[in-house]
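1. prediction below, plus the sequence it came from.
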Amino acid sequence: MMDERVIMTDVTGRDGFQMEKNWIDTEDKIRVINQIIASGIPRIEATSFVSPKAVPQMRDAREVIDGIQRENVEVIALVPNVKGAELALEAGVDEVNYVLSISETHNQKNVRKTVGESIEGVKDIQKLMDSSKITVSLATAFGCPFEGLYEVDKILGNIETLTAAGLSRFTIADTTGMANPVQMTEFISTIKKQYPQHYFGLHLHNTRGMGLANIYAAYQSGMRHFDAALGGIGGCPFAPGASGNVSLEDVVHMFEFMGVPVEGKLPQLLDAALDMEKLLGRTLPGQVMKSGQADKTHIA
C-alpha cells in the first residue's frame with residue numbers, strides 16, 4: 001500500500017523572495033525561514049546561488065544559509081551552473097536544485113541556453129557531487145506561454161535522457177500555472193508508472209487558480225512530495241503572467257482537514273504568513289491566513 005504521508009518543501013526563501021522588487025534584509029529572510037522550519041516543515045529551499053545581476057534579491061545567499069537553523073531540516077539551494085553548485089557545496093547545503101525548462105523558448109529566456117546545453121550543464125555538476133544530492137526541476141512541464149500546452153511524451157523524453165545520465169530525482173514544475181486536474185492526472189500517473197523508483201516532486205504556480213485542485217489530482221495519482229511558498233508569494237521573472245506559488249499554509253490546511261498525514265504546524269504557519277504580510281507591506285494571496293482554519297467558529 002502506498003504511504004499516504006505528504007512531504008512538503010517550502011520554497012519561500014528562493015522562489016518566493018526572488019520576485020520581490022524591494023530588498024528584504026537578510027535578517028528578515030532568516031527570521032521568516034526559521035519560522036517555517038520551527039513549524040515542522042521538513043525541507044526548505046532557502047535561496048539560490050545565482051548571479052546578483054540576474055536576481056539581485058539572492059545576493060546574500062551564503063549569509064542566509066549560514067544564518068538559518070539546520071537541525072531537523074533538509075536545506076536546498078537552487079544552482080544554475082557549476083559555479084553556483086560550487087558555492088552551494090561550500091555553504092554546506094544538503095541538496096541542490098538545478099532548473100531546466102523543457103520549453104526551448106522559455107529555457108533561452110530563463111538561462112540563455114538550449115535544453116540540450118542545460119542537460120550538459122547538469123552533467124558537469126554531477127562531477128562535483130553525488131547524483132543523489134541533485135534534483136532536476138523540469139520547468140514548464142505541462143505547457144509554456146510561448147509554445148502552448150504539451151502532451152506527456154514531451155516530458156517523458158527529457159526524463160529518459162536525464163535518467164540515462166544517471167539522474168533519478170526530479171521536480172515536475174508547472175511554472176506558469178497552465179495545468180488542469182485532468183492533464184495532471186494523466187501526466188503524474190504516466191510518469192510514476194514509467195519510473196516507479198525515481199523521486200518525483202511537484203512544483204505548482206497558482207496563475208489560473210487551479211493550484212490546490214491540481215495538487216489533489218496529483219495526490220490521487222500517487223504524488224507525495226509538493227513545493228509551496230508561505231502566503232503564496234513568488235513566481236517566475238521570465239514568464240509572462242506568472243503569479244505566485246501555491247500557498248504553503250493552504251496546502252497543509254487542505255491535507256490536514258482531509259485526514260492526510262502532513263508535517264507543519266498550521267497555527268505557526270498562519271502566524272508566520274501574517275508576519276510576512278506585514279514585512280512585505282501588501283495583502284498576500286494565501287486564503288487560510290485570511291479566513292482561519294475550517295474548524296474556526298464565530299459567535300452568532
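-> Okay, I see it.

2. could you use CA atoms for every contact and neighbour count after this?
-> Fine.

3. and stretch 52-71, how far out from the chain middle?
-> 16 Å (CA atoms, centre = their mean, to the nearest Å).

4. again but with stretch 141-158, I slipped
-> So, by CA atoms, centre = their mean, the centroid of stretch 141-158 is 18 Å from its chain's centroid.

5. now stretch 254-274
-> Centre to centre, stretch against its chain (CA atoms, centre = their mean), the figure for stretch 254-274 is 17 Å.

6. contacts for it?
-> 4-8, 32, 35-36, 39-42, 230-231, 249, 252-253, 288-289, 294 (CA atoms under 8 Å, 6 or more residues apart in numbering).

7. just stretch 16-28 next, same as before
-> Here stretch 16-28 has contacts from 55-58, 60, 63-64, 229-230, 232-237, 244-245, using CA under 8 Å, 6+ apart.

8. could you report the pLDDT at residue 238?
-> For residue 238, the pLDDT comes out at 56.

9. swap in residue 298?
-> Looking at residue 298, the pLDDT reads 71.

10. before we move on, the earlier item: give me the buried subset of the contacts of stretch 16-28.
-> Neighbour counting by 16 or more other CA atoms under 10 Å classes 55-58, 60, 64, 229-230, 232-236, 244-245 among the contacts of stretch 16-28 as buried.

11. of all those, which comes closest to residue 179?
-> residue 245 (13.5 Å; CA to CA).

12. any idea how far residue 38 is from the nearest residue to the closest one once chain neighbours are set aside?
-> Take residue 245 and drop its neighbours on the chain: the residue closest to it by CA to CA, 6 or more residues apart in numbering is residue 205, 4.2 Å away. Note on residue 205: its distance to residue 38, by CA to CA, to the nearest Å, is 25 Å.

13. for residue 246, same thing?
-> To residue 38, residue 246 is 20 Å away according to CA to CA.

14. who's more crowded, those two?
-> Between residue 246 and residue 38, residue 246 has the larger neighbour count (other CA atoms under 10 Å), namely 30 against 18.

15. return the residues in contact with that one.
-> Residue 246 neighbours (CA under 8 Å, 6+ apart): 204-206, 211-212, 227-229, 232-233.

16. pLDDT weak spots in the stretch 51-200 of the chain?
-> Filtered on pLDDT under 70, the stretch 51-200 of the chain yields no residues whatsoever.

17. what's the most distant pair in the contacts of residue 246?
-> 212 and 233 (14.8 Å).

18. now do the SS call for the residue most central in space within the chain.
-> Closest to where the C-alpha atoms of the chain average out (CA atoms, centre = their mean) is residue 227, at 4.1 Å. Taken by DSSP: H, G, I helix; E, B strand; the rest coil, the conformation at residue 227 corresponds to strand.

19. that one reaches residue 201, doesn't it?
-> Yes. Residue 227 is in contact with residue 201 according to CA atoms under 8 Å; the separation is 7.3 Å.

20. show me where the stretch 51-200 of the chain has strands.
-> 74-79, 95-101, 134-139, 143-144, 148-149, 169-174, 199-204 (DSSP state E, counting those that start in this stretch).

21. which residues in the stretch 1-150 of the chain form helices?
-> Using DSSP state H, counting those that start in this stretch, the helices of the stretch 1-150 of the chain run over 26-38, 61-67, 82-91, 104-111, 115-126.
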